[in-house]
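Enquirer: Have a look at this prediction, sequence included:
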Amino acid sequence: MIEIHPKEIAGPWVKGFALDDHTVSSDYLGEDEFGHPQFETRRSEMGDLLYRLKFKGDTTVLKLIVDTAADFIRSRELPVGLVVPVPPSKMERAVLPSLAVAEGIAERLQIPVCCDCVVKVKQTPELKNLFDRSARSKALENAFRASESELAGRSVLLFDDLVRSGATLGAVTGALYGSGKAAQVYVITLTKTRRLR
């Protein structure tokens, strides 16, 4: 098992946690020959595992990520009966981390997973290019719809791999409660940026 440093994250859900910060430090080194800034980045253990899975396609880390997340969820005794991943923003990745980890967590907890209970119904700009939380929230208004037939009256574990501002989690939670009529929403993310923006 890896060492994690869970942090509570606030939002429109009952309770939410990020298992750790994504990065521990990021030091500016200067610019490369093309004028691009270069950084030396140190990640938390979970941040490094997520980086390897998400950007390097290294599926050997999946079991360790899933085991750590499932053990944490069990330790908090979250009363959830269904795992729902946030819809991925980039479908062209070889490995879709939020779906793969959500499926693994559901299997470990022996509860169902619903990867298509929430769908994105509106085009939005890339959120990494929106630095203001209110701009992110505005861009995500009415962007998601949830399936009432799958979610009504259920206690849901909403899962995402990384939280930056919480705007996406907030918008999806709104859909889970709104069109999905979920009874309760709990949130788990693997990592968060050091400062939620």
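Expert: Now that the structure is in, tell me what you want to look at.
Enquirer: Name the spans of the protein whose pLDDT lies under the cut-off.
Expert: For the chain, the stretches flagged by pLDDT under 70 are 90-94, 122, 124-139, 194-197.
Enquirer: all strands for it, in order.
Expert: 7-8, 15-21, 23-31, 37-43, 82-85, 118-120, 144-146, 155-163, 184-192 (DSSP state E).
Enquirer: Could you provide those in TSV, with additional columns for distance to residue 53 and mean neighbour count?
Expert: No exception for glycine: its C-beta is placed from N, CA and C like everyone else's. Formatted as TSV, the strands of the chain follow (distance: least, CB to CB, whole Å; neighbours: other CB atoms under 10 Å):
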stretch	distance to residue 53	mean neighbour count
strand 7-8	21	12
strand 15-21	14	21
strand 23-31	16	11
strand 37-43	12	12
strand 82-85	14	25
strand 118-120	21	19
strand 144-146	24	21
strand 155-163	8	24
strand 184-192	9	25
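Enquirer: could you dump those strands to JSON lines with distance to residue 50?
Expert: Shown next, in JSON lines, are the strands of the chain (distance: least, CB to CB, whole Å):
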{"stretch": "strand 7-8", "distance to residue 50": "15"}
{"stretch": "strand 15-21", "distance to residue 50": "9"}
{"stretch": "strand 23-31", "distance to residue 50": "11"}
{"stretch": "strand 37-43", "distance to residue 50": "8"}
{"stretch": "strand 82-85", "distance to residue 50": "14"}
{"stretch": "strand 118-120", "distance to residue 50": "21"}
{"stretch": "strand 144-146", "distance to residue 50": "23"}
{"stretch": "strand 155-163", "distance to residue 50": "6"}
{"stretch": "strand 184-192", "distance to residue 50": "5"}
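Enquirer: In space, not sequence, find me the middle residue of this protein.
Expert: residue 160 (1.5 Å; CA atoms, centre = their mean).
Enquirer: How about the contacts made by it?
Expert: 85-86, 98, 168-169, 187-190 (CB atoms under 8 Å, 6 or more residues apart in numbering).
Enquirer: Please apply the same query to residue 181.
Expert: 148, 151-153.
Enquirer: Let me know the closest of the contacts of residue 160 to residue 110.
Expert: residue 188 (16.4 Å; CB to CB).
Enquirer: Hmm, the closest one is touching residue 16, no?
Expert: Yes - Residue 188 is in contact with residue 16 according to CB atoms under 8 Å; the separation is 7.3 Å.
Enquirer: got a list of what the closest residue to residue 40 other than its chain neighbours touches?
Expert: Closest residue to residue 40 apart from its sequence neighbours, by CB to CB, 6 or more residues apart in numbering: residue 27 at 4.8 Å. Under the criterion of CB under 8 Å, 6+ apart, the contact list for residue 27 reads 39-41.
Enquirer: ok, residue 27 to residue 112 distance?
Expert: Distance of residue 27 to residue 112, given as CB to CB, to the nearest Å: 44 Å.
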